[in-house]
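Novice: below: sequence and its predicted model.
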Amino acid sequence: MVNINQIKGWTRAEMAQNVARDIPDGSYVNLGIGLPELVADFVPKGRELIYQTENGLLGMGPVPEEGQGDRELVNAGKKYVTAIPGAAYFHHADSFTMIRGGHIDVCVLGTMQVSEKGDIANWSTGAENAVPAVGGAMDLVAGVKRIFVITQHTTKHGHPKIVEECTFPLTGKGVVERIYTNLATIEVRNEGLFVCEMAPDITFDELQEFTGPKLNQ
Amino acid sequence: MVNINQIKGWTRAEMAQNVARDIPDGSYVNLGIGLPELVADFVPKGRELIYQTENGLLGMGPVPEEGQGDRELVNAGKKYVTAIPGAAYFHHADSFTMIRGGHIDVCVLGTMQVSEKGDIANWSTGAENAVPAVGGAMDLVAGVKRIFVITQHTTKHGHPKIVEECTFPLTGKGVVERIYTNLATIEVRNEGLFVCEMAPDITFDELQEFTGPKLNQ
Amino acid sequence: MINKIVSTSSEAIREVRDGASVMIGGFGEAGSPIELIHALIDHGAKDLTVISNNAGSGHVGLAALIENLQVRKIICSFPRTANSKVFPELFHSNRIELELVPQGTLAERIRAGGAGIPAFYTPASVHTPLAEGKESRIFEDKEYVLEHGLKADFALVKAQTADRYGNLLYHATARNFGPIMCTASNVAIAQVNEVVEPGMIDPETVITPGIFVQKVLEVKEPLFESQLVEDNLQYPW
Amino acid sequence: MINKIVSTSSEAIREVRDGASVMIGGFGEAGSPIELIHALIDHGAKDLTVISNNAGSGHVGLAALIENLQVRKIICSFPRTANSKVFPELFHSNRIELELVPQGTLAERIRAGGAGIPAFYTPASVHTPLAEGKESRIFEDKEYVLEHGLKADFALVKAQTADRYGNLLYHATARNFGPIMCTASNVAIAQVNEVVEPGMIDPETVITPGIFVQKVLEVKEPLFESQLVEDNLQYPW
């Protein structure tokens, strides 16, 4: 069995680039906290995407220069952002009208687990000693038209994050359309998981080894 | 039996004045179309009322001077109005948040019938040949804190408009608090109808004659 | 580059198919997108379900659309106005269907449709004929009726100002149903008096964020229903 | 004359009784009404139910209110933040109750509470532990969960500008829960950076119409949670 640490796979930047390539021009996009945020840096030239952040801004722009941040102009991760010309602020009910109402085209989320049926578990490990916190994740996966997941293919310990059934509490059921990992880009279809693309230094059999459910080519 | 036409009773202006006197300082008020609109002209000195019109304006001001109207600044009766300094415009869902959510203190409405239980019927005669139209009446009577009715005491034919049970289709059930007519001001209580004040030229027995249900003094 | 501005009214409404559902903004003439409605008359799509607070007046705008027999059904709170002749006539001869909805319920149903809420409970219309046949339920000793979210294929609305992203500002009480109808339709089409560059609209003041709008048509000097009715005009003219 | 301006923070919050429900605006520190929360700490009302997106950080603002053991229960979407020590400790020792609600459901429940909607259906949380024990229902082949409107005795919010009628403008993403919390509370108390004369706020741009606000306190230079946390401050100081 291959050791996952021996496989270079895609970098975080390349993963983000893979996601960005699949988001059509003119899309309205919500990017989750962390790795998903990188996607904005890799939008192909000529495309214009509009970013929504659920705390009340459509037309989120890049991070401001050091020292230029406004404490009350932040993203869902509570980090300083800016607003593009043509942006709009709104309150939380209106924000989730966009989300729950199916007006956002794409949401890119990190995850702890994703199943072959497109179930996603990304808000809680179910551990007794954790403080439960859900934020907007359940609304996003229930409402946004297309849910893309971006994640390392396995946990730090080498366990698959793509599983037959999520063991962690679900965020949403049957909602994920595409999974972007450091090893492959995978589409969730009714018939199962289909590999769209693999990192250059991995074989299909190796990829299968690090994945819970059966993959299709 | 007295002929109702022999009784002078209160004028429309006096009726409106009776209503205005009962609206506390600082109230948010929605005035129905027609006779209720007169109430705004008789607010006692020193009181400030804020008028809401359900088509999207809080802080409705007086009718503009002839020729100064804005076709898109109208009241619920589609007549030209103005906005006071400190007014706010909003869309219909927000407008009915004010109404349904219990934020309006008083609504003054005209009516066709009102019952001794406070039922009101003011949107339809139920006639076969009429085009049904309801507007915001049902939302107003269901949501506003206090519903005042202002109406002639009887129909043109002398039939009581205050009845034991409404024969016209209801707008709302058990919602009316006070009834202001040209003959009397009447309060609707659980125990029945109580006369608060009578027009100067009518006796209690005469008033009872023109009223369906039993009145209490 | 995102650019939702279209240059002609026919381009604005050309996807409207026979049988489509169309929300039409306006409270009386305030906010009524007359030019878009007239374009829809020229376009000719039939068998429409129209969702609108009123049913038009005279023989222009929404009344003309109805008179032209393009509307199968109207969902409406107040189809009766001072100068409405068209709707009553068709209604009495059973050539148009009416679903009468209290105004606040109509607004909330549209808002729910746009917000992904399939149904909600409201106190309005309880114990009235308009609640007949509907589910009701008691919450904390008070009775409410179940109402369903309302969506449409298209919305035609009138606003004051837009940019190429579709951000909209409105004018006074012309705002009324426009913002919620934009949220509840697949294709929201706004006619606006003025198109400006992105950034000219203060993001704090945007009423309809561009995400809810698909097409914008500039109509610098829109017609007004009451003026046309006064002038005894009839569309098509 | 209507005048909702109060001159001291203690006057602003003095009606808050033990056992009251209190909505507190803010998404993290953006829109968090620190001065009003500190006034509530000074005031000392206990056994509160707090409705707020987060549970505060450090030992100031909402975290300090919790640390001061004034909060019996919190209804919240995300009680965990980078510098939250207070809430986890009390939570693990069962000294505070948590009702965890998805953020969009929290917003919609508050909005519904303010709009007189007792309950509605939402797709969020279906098939998750947060839907357990809740009614669900299918509409057009999709499953939804029934959620209830949320009201409170008080709301503490932070806005930018107000007039004596209580009309409010907000600043950037500090708007967040403020407008809906004002609608859903019996007494909405806003701290604002600036009070202006009626008419200075363009009626087209009002975010919270004054009808939803009962008290306004001017706090010209409000504190910021992150600065206080960075400075290792603790309230009461």
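Specialist: Arrived safely, thanks for sending.
Novice: for residue 166, what are its contacts?
Specialist: Picked chain A for this. A:Gln113, A:Val114, A:Ser115, A:Asp119, A:Ile120, A:Ala121 (Cβ atoms under 8 Å, 6 or more residues apart in numbering or on different chains). C-beta here means a position set from N, CA and C on the backbone, and glycine is covered the same way.
Novice: my question was about chain C, not that one.
Specialist: C:Gly166 touches C:Lys4, C:Ala188, C:Ala190, C:Thr208, C:Gly210, C:Ile211, C:Phe212, C:Val213, C:Gln214, C:Lys215, C:Val216, counting by Cβ under 8 Å, 6+ apart.
Novice: about what we covered before: restrict the contacts of A:Cys166 to those near chain B?
Specialist: Among the contacts of A:Cys166, none lies close to chain B by the criterion of Cβ under 8 Å from any Cβ of the partner chain.
Novice: what is the nearest of those to chain D?
Specialist: A:Asp119 (8.0 Å; Cβ to the nearest Cβ).
Novice: thinking again about what came up before, buried subset of the contacts of A:Cys166?
Specialist: A:Gln113, A:Val114, A:Ser115, A:Asp119, A:Ile120, A:Ala121 (16 or more other Cβ atoms under 10 Å in any protein chain shown).
Novice: circling back to that earlier point, please pick the buried ones from the contacts of C:Gly166.
Specialist: Here, 16+ other Cβ under 10 Å leaves C:Lys4, C:Ala188, C:Ala190, C:Thr208, C:Gly210, C:Ile211, C:Phe212, C:Val213, C:Gln214, C:Lys215, C:Val216 buried among the contacts of C:Gly166.
Novice: what about C:Asn232, how many neighbours?
Specialist: C:Asn232 has 9 neighbouring residues, counting by other Cβ atoms under 10 Å in any protein chain shown.
Novice: secondary structure class for it?
Specialist: At C:Asn232 the chain is in coil, as set by DSSP: H, G, I helix; E, B strand; the rest coil.
Novice: low-confidence ranges in the chain?
Specialist: Just so you know, I chose chain A. For chain A, the stretches flagged by pLDDT under 70 are A:1.
Novice: which residues of it fall in strands?
Specialist: Applying DSSP state E to chain A gives strands spanning A:28-31, A:50-53, A:57-61, A:82-89, A:106-109, A:113-115, A:120-121, A:146-150, A:162-163, A:176-180, A:184-189, A:192-198, A:215-216.
Novice: who are the packing partners of the second one?
Specialist: Based on contacts counted as 3 or more Cβ pairs under 8 Å, 6 or more residues apart in numbering or on different chains; DSSP states H and E, the elements that strand A:50-53 packs against are strand A:28-31, strand A:57-61, helix A:92-100.
Novice: 6 Å - rerun?
Specialist: Strand A:50-53 sits against strand A:28-31, strand A:57-61, with contacts defined as 3 or more Cβ pairs under 6 Å, 6 or more residues apart in numbering or on different chains; DSSP states H and E.
Novice: including mean neighbour count, could the ones you listed go into JSON lines?
Specialist: JSON lines is the format used below for the helices and strands packed on strand A:50-53 (neighbours: other Cβ atoms under 10 Å in any protein chain shown):
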{"stretch": "strand A:28-31", "mean neighbour count": "25"}
{"stretch": "strand A:57-61", "mean neighbour count": "25"}
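Novice: possible to save the ones you listed as a markdown table with distance to C:Ser93?
Specialist: Formatted as a markdown table, the helices and strands packed on strand A:50-53 follow (distance: least, Cβ to Cβ, whole Å):
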| stretch | distance to C:Ser93 |
| --- | --- |
| strand A:28-31 | 45 |
| strand A:57-61 | 47 |
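Novice: close to chain A: what parts of chain C are there?
Specialist: Residues of chain C lying close to chain A (Cβ under 6 Å from any Cβ of the partner chain) are C:1-2, C:114-116, C:163, C:165, C:167, C:183, C:198-199, C:203-204, C:206, C:209, C:211.
Novice: just the buried residues from the residues you listed, in PyMOL please.
Specialist: Buried subset of these, written as a PyMOL selection, criterion 16+ other Cβ under 10 Å:
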select buried, chain C and resi 2+114+115+116+163+165+167+183+198+203+204+206+209+211
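Novice: tell me which two of the residues of chain C next to chain A sit farthest apart.
Specialist: Greatest spacing in these, by Cβ to Cβ: C:Gly116 and C:Gly199 (30.1 Å).
Novice: which bits of chain A sit near chain D?
Specialist: Looking at chain D, the residues of chain A close enough under Cβ under 6 Å from any Cβ are A:55-57, A:71-74, A:78, A:89, A:91-93, A:96, A:99-100, A:131-136, A:138-139, A:142, A:169-170, A:173.
Novice: now the contacts of C:Gly166 in JSON lines, with pLDDT, distance to D:Arg17 and secondary structure?
Specialist: As requested, the contacts of C:Gly166 are exported to JSON lines (pLDDT from 0 to 100; distance: Cβ to Cβ, whole Å; DSSP: H, G, I helix; E, B strand; the rest coil):
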{"residue": "C:Lys4", "pLDDT": "98", "distance to D:Arg17": "51", "secondary structure": "coil"}
{"residue": "C:Ala188", "pLDDT": "99", "distance to D:Arg17": "46", "secondary structure": "strand"}
{"residue": "C:Ala190", "pLDDT": "99", "distance to D:Arg17": "48", "secondary structure": "strand"}
{"residue": "C:Thr208", "pLDDT": "99", "distance to D:Arg17": "41", "secondary structure": "strand"}
{"residue": "C:Gly210", "pLDDT": "98", "distance to D:Arg17": "45", "secondary structure": "helix"}
{"residue": "C:Ile211", "pLDDT": "98", "distance to D:Arg17": "42", "secondary structure": "helix"}
{"residue": "C:Phe212", "pLDDT": "99", "distance to D:Arg17": "42", "secondary structure": "helix"}
{"residue": "C:Val213", "pLDDT": "99", "distance to D:Arg17": "46", "secondary structure": "coil"}
{"residue": "C:Gln214", "pLDDT": "98", "distance to D:Arg17": "50", "secondary structure": "coil"}
{"residue": "C:Lys215", "pLDDT": "98", "distance to D:Arg17": "53", "secondary structure": "strand"}
{"residue": "C:Val216", "pLDDT": "98", "distance to D:Arg17": "51", "secondary structure": "strand"}
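Novice: which one of the residues you listed is nearest to chain D?
Specialist: For those, the residue nearest chain D by Cβ to the nearest Cβ is C:Thr208; the value is 12.7 Å.
Novice: which non-adjacent residue is nearest C:Ile74?
Specialist: In this structure, C:Ile74 finds its nearest non-sequential neighbour in C:Val50, 4.8 Å apart by Cβ to Cβ, 6 or more residues apart in numbering or on different chains.
Novice: ok, the one you found to C:Val216 distance?
Specialist: According to Cβ to Cβ, to the nearest Å, C:Val50 stands 21 Å off from C:Val216.
Novice: just name the shakiest helix or strand of chain C by mean pLDDT.
Specialist: Here the helix or strand of chain C ranked lowest by mean pLDDT, DSSP states H and E is helix C:86-92, holding a mean of 93.
Novice: and it, which residues are buried?
Specialist: Those would be C:Val86, C:Phe87, C:Pro88, C:Leu90, C:Phe91, for helix C:86-92 by 16+ other Cβ under 10 Å.
Novice: show me what it is packed against.
Specialist: Applying 3+ Cβ pairs under 6 Å, 6+ apart, one finds that helix C:86-92 contacts helix C:61-67.
Novice: centre of the chain versus the helix it packs on, how much separation?
Specialist: Between the centre of helix C:61-67 and the centre of its chain there are 13 Å (Cα atoms, centre = their mean, to the nearest Å).
Novice: I'd say C:Ile51 and C:Gly25 touch.
Specialist: No. Using Cβ atoms under 6 Å, C:Ile51 makes no contact with C:Gly25, being 9.9 Å away.
Novice: who has more neighbours, these two?
Specialist: Legend: neighbour count by other Cβ under 10 Å for C:Ile51 and C:Gly25, higher for C:Gly25 (32 against 28).
Novice: how about the residues of chain C near chain B?
Specialist: Residues of chain C lying near chain B (Cβ under 6 Å from any Cβ): C:27-28, C:30, C:77-80, C:88, C:91, C:100, C:102-104, C:107, C:111, C:123-125, C:127-129, C:171-177, C:179-180, C:224.
Novice: no further questions, thank you.
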